[in-house]
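**Student:** generate coordinates for the sequence data below:
(3 chains)
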Amino acid sequence: MLELVDLTHRYGTYHAIDRINLTVKQGEVVCVVGPSGCGKSTLLRSIAGLIKPTGGAVLLDGRPVESTPDNLAVVFQDYSRSLYPWLSALANVGLPLRRRGMSRKARDEAAMAALTEVGLGAAAGKFPWEMSGGMQQRVSIARALAYRPSLLLMDEPFGSVDAQTREELEDLVLRVCAHHGMTILLITHDVDESVYVGDRVVVLSKAPGHVVGDLTVDLPGPRDQIRTRELDAFVKLRADVGRMVRGMSARRFDNGMTHEVETR
Amino acid sequence: MTRRSLLSRLAGLWIVPVVLVLWELATRFAEQPYFPSPSSIAVRIQELWFSGPLSRVLLTDDAIDAFAPSLGRLFAGWILASLAGILLGVAIGRSAKLADYLDPMLQFGRAIPPPLLVPIFFALFQIGTATQLAIIVFGVIWPVLLNTADGCRTVDRQYLETARVFGFTRTDVLWRVVLPAATPKIFAGLRLSLSLALILMVVSELIGSTSGIGYGLLTAQQNFLFVDVWAYIVLLGVLGFLLNASFLLLEGRILAWHHRARRTI
Amino acid sequence: MGATGLLVILEVAGRTGVIDTGFLPLVSTVLARAAELAVDGEFLTHGLASMEAWFWALVVTIAVAVPAGLLLGVVRPVESATRPLIEFLRPIPSVALIPLAILLFQNPMHMRMSVAVYAATWPVLINTIYGVRDVDPLAKETLRSFGFGPGTVVMRVVLPSAAPFIATGVRLAASVAIILVVTAEVVAGGISGVGVFINTAGSGNRVDLMIAATAWVGLFGIAVNALLVAAEKRVFRWHHNRLAGVS
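**Tutor:** Sure thing, here's the model as predicted:
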């Protein structure tokens, strides 16, 4: 359903991503992992239609993405700037549904259902600044769920919350998305998380980012924070992915050195 | 507010009676006509404006004759300027082209000392309420306009990207994202404009008017009625204080999300 | 570019008769008058008189408001006791004091200065208090631990680190004082001062001269502000660096 063909982007002279090819099938949960500065955010912003890539194409359901597609939702890392502080949780979740041509009542009901699904039914009237970081990120997730996108993009969605909240949110996303059969592309720098959450893990190199590995995660579901993480298969996969992330960044570093010597 | 905090706030005002008593003693001792005692000023204020019938909240005819035109011009001018300023400010804030085009003019308009508009407008137009209104509108529009433009221009990028991702319509982006995000700055501009409107009301009445509080002040000065001059100044001070305080109250209500959000971060 | 476009439109409107030049003078006329005023001895005398009142008002303001602000900032109880007074006095529209000042001061210069000082005091006072509050407690402790008295601490630590804030207050006060001086001149009249010049031009129905003179006042304000901003940037480079380091 999502296809990236030779996706390339440069900001001026800075080469952020380089000929990324990737296909995501309907209902798949794909994690993109890579070292910091591998152009993960550029990749996400290109898919979401927030920037126009300088080369290659993004195809969603076979059609090229030109502006922001209407069957796509994003959960951003920085929840404090992604939720509107002047709106209650319910209004934040309900606002995007105006585009769906729903009545006010239908919007409120859908928003309430989504909030209940993420365990915030009782906090619908609260404002973002009355909530903890984890609660705010739940509201972001509820907003994405209520929108019923066919593709959900998540940009380091658990990067700004504490470890325990992070595990809760990982399980929440897995449970809810399986329930709705949603396709997810999750971007993270956390190797552990990518293996735990993903059906597939795609590893990017350091900038200019390109795909250096694409592993299928063959772990039994439903996943469990303790049991899954102690499986031999999990440990091995995590080591493989970790080596790829680290190894590529090391080789890139070497290249950089020789390059520097040459210019002198 | 709890009873206790109200009491402690009242206790914090102890300096006010102390200063009043000292002022009273000093003026009685000095016996200078220029510096009447606060008690005589208070009596005069009551005589002039607050000895009317109970049905009119004690307001006298003089009070109504002076307050009504002044406050009418003040509020009408401020509201008109605010509406126009917000409208133009949004347009300028959302259109880089328009901003480039108008910026030098805005900078210049802002630099003109607003009270100097008074003699120019009175030279250009007839002396009267319409001109006074025009002075207030033209003089106080700048803080609203520039603050609105700035607020609309500097909306957090993430707010706008979220709106784009979820496909908000242009009107939704404006009404539900850009304007709410800009309200703290817009309100700062509105508050500046309100105090400026009071100043322009007074200046325009001091220079070219036959009614209003400023005109009354001018007449008192020209007739060397010292107590009356002080009474008018106290009246204008109270008016300024009330305008500012009620605006802050309103702002606190409307911008609760902003103040609280800032506190928690 | 945009301003030029608008000025050209106004000029054309005046020349083609869309706007009566007897009502609103041509842009070119106003510009010519403004240029003439710049070398006009009489106008310059008026200008100097206003600048003199403005300058001394600013000096008095700084002499009064900075020590007061230091006192209120350093000694917390004094600040909390006087806060109600400040909150009542500050919203008094300063122009309302002009008639009283006319009665109190025989000398027009003193009259103008008094109103300007009243209005200009608030930004300096508030900024000084704020600046003193912002002083790094560690710096104060350090000096105190070496056995220096409170006077030294104020002069060596508090005043220098509050200085950028005080400078901002002074810059705001400079603009406010210009406005108040000229307004007092317009309202009270007198022999000299730009406000007096504007009044005279008004009674002679010379709108072109009024606008030209007003433009000079505006330009003077812009120039003073720009100068003070540049001075702040130069003198307080360390302050801006520190702010940049924090954010």
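
**Student:** alpha carbons of stretch B:6-24, as PDB, please.
**Tutor:** Taking Å, rounded to 0.1, in the frame of the first residue of the first chain, the C-alpha atoms of stretch B:6-24 are listed here in PDB:
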ATOM      1  CA  LEU B   6      -8.800  37.800  50.300                       C
ATOM      2  CA  LEU B   7      -8.000  39.000  53.800                       C
ATOM      3  CA  SER B   8      -4.300  38.700  53.300                       C
ATOM      4  CA  ARG B   9      -4.600  40.600  50.100                       C
ATOM      5  CA  LEU B  10      -6.500  43.400  51.900                       C
ATOM      6  CA  ALA B  11      -3.800  43.400  54.600                       C
ATOM      7  CA  GLY B  12      -1.200  43.900  51.900                       C
ATOM      8  CA  LEU B  13      -2.900  47.200  51.100                       C
ATOM      9  CA  TRP B  14      -2.000  48.700  54.500                       C
ATOM     10  CA  ILE B  15       0.300  51.200  52.700                       C
ATOM     11  CA  VAL B  16      -2.700  53.000  51.100                       C
ATOM     12  CA  PRO B  17      -4.400  54.300  54.300                       C
ATOM     13  CA  VAL B  18      -0.900  55.200  55.700                       C
ATOM     14  CA  VAL B  19      -0.100  57.300  52.600                       C
ATOM     15  CA  LEU B  20      -3.500  58.900  52.600                       C
ATOM     16  CA  VAL B  21      -3.100  59.900  56.300                       C
ATOM     17  CA  LEU B  22       0.400  61.300  55.700                       C
ATOM     18  CA  TRP B  23      -0.800  63.100  52.600                       C
ATOM     19  CA  GLU B  24      -3.700  64.600  54.600                       C
END
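
**Student:** where's it relative to the chain centroid, distance-wise?
**Tutor:** 26 Å (CA atoms, centre = their mean, to the nearest Å).

**Student:** ditto for stretch C:86-100
**Tutor:** 16 Å.

**Student:** what does stretch B:238-258 give?
**Tutor:** With CA atoms, centre = their mean, you get 11 Å for stretch B:238-258.

**Student:** ditto for stretch B:199-210
**Tutor:** 15 Å.

**Student:** cool, stretch B:213-222 as well?
**Tutor:** With CA atoms, centre = their mean, you get 21 Å for stretch B:213-222.

**Student:** residues in contact with the closest residue to residue C:58 other than its chain neighbours?
**Tutor:** Counting by CB to CB, 6 or more residues apart in numbering or on different chains, residue C:58 lies nearest to residue C:177, which is 5.4 Å off, once chain neighbours are set aside. For glycine as for every other residue, the C-beta is placed from the backbone atoms N, C-alpha and C. Listed by CB atoms under 8 Å, 6 or more residues apart in numbering or on different chains, the contact set of residue C:177 reads C:54, C:57-58, C:61, C:116-117, C:119-120.

**Student:** if we use 6 Å, what do you get?
**Tutor:** With contact set as CB atoms under 6 Å, 6 or more residues apart in numbering or on different chains, residue C:177 has these partners: C:54, C:57-58, C:116, C:120.

**Student:** residue C:137 - how many residues pack around it?
**Tutor:** 8 (other CB atoms under 10 Å in any protein chain shown).

**Student:** same check on residue B:17?
**Tutor:** 9.

**Student:** which of the residues in whichever strand or helix holds the residue nearest to residue C:58 are buried?
**Tutor:** Residue C:177 is part of helix C:159-188, with elements assigned from DSSP states H and E. Within helix C:159-188, the residues scored as buried using 16 or more other CB atoms under 10 Å in any protein chain shown are C:159, C:161-188.

**Student:** ok, residue C:233 to residue C:123 distance?
**Tutor:** Using CB to CB, to the nearest Å, one gets 19 Å for the distance from residue C:233 to residue C:123.

**Student:** and the two? Which one has more around it.
**Tutor:** Taking other CB under 10 Å, residue C:233 and residue C:123 do not tie; residue C:123 has more neighbours (21 against 11).

**Student:** secondary structure element for that one?
**Tutor:** Counting by DSSP H and E, residue C:123 is part of helix C:108-133.

**Student:** all helices for the stretch 151-265 of chain B, in order.
**Tutor:** Residue ranges of the helices in the stretch 151-265 of chain B, as given by DSSP state H, counting those that start in this stretch, are B:157-165, B:170-172, B:179-207, B:213-222, B:226-254, B:256-264.

**Student:** name the helices or strands packed onto the fifth one?
**Tutor:** Judged by 3 or more CB pairs under 6 Å, 6 or more residues apart in numbering or on different chains; DSSP states H and E, helix B:226-254 is in contact with helix B:38-49, helix B:179-207, helix B:213-222.

**Student:** try 8 Å
**Tutor:** Secondary-structure packing of helix B:226-254 (3 or more CB pairs under 8 Å, 6 or more residues apart in numbering or on different chains; DSSP states H and E): helix B:38-49, helix B:179-207, helix B:213-222, helix C:76-89, helix C:98-104.

**Student:** just the mean pLDDT for the third one, thanks.
**Tutor:** When you say that, I think you mean helix B:213-222. Averaged over helix B:213-222, pLDDT sits at 92.

**Student:** how about it, which residues are buried there?
**Tutor:** B:213-218, B:220-221.

**Student:** please apply the same query to stretch B:75-85.
**Tutor:** Of the residues in stretch B:75-85, B:76-78, B:80-82, B:85 count as buried by neighbour count, 16+ other CB under 10 Å.

**Student:** try stretch A:186-201
**Tutor:** Buried residues in stretch A:186-201 (16+ other CB under 10 Å): A:186-191, A:193-201.

**Student:** and that stretch, how far from the chain's centre?
**Tutor:** 9 Å.

**Student:** that stretch: end-to-end distance?
**Tutor:** Distance between the two ends of stretch A:186-201: 10 Å, counting by CA to CA, to the nearest Å.

**Student:** same question, stretch A:93-101
**Tutor:** From its first residue to its last, stretch A:93-101 covers 15 Å (CA to CA).

**Student:** picking up where we left off before, quick one: which of the buried residues of stretch A:186-201 is nearest residue C:146?
**Tutor:** Among the buried residues of stretch A:186-201, residue A:189 lies closest to residue C:146 (CB to CB), at 47.6 Å.

**Student:** that older thread, to residue B:58, which of the helices of the stretch 151-265 of chain B lies closest?
**Tutor:** helix B:226-254 (14.2 Å).

**Student:** relative to helix B:213-222, how tilted is that closest one?
**Tutor:** Angle, helix B:226-254 to helix B:213-222, by axes from the mean of the first three to the mean of the last three CA atoms, to 10 degrees: 160 degrees.

**Student:** next, the buried residues of helix B:226-254.
**Tutor:** Going by neighbour count (16+ other CB under 10 Å), the buried part of helix B:226-254 is B:226-237, B:239-241, B:243-244, B:251.
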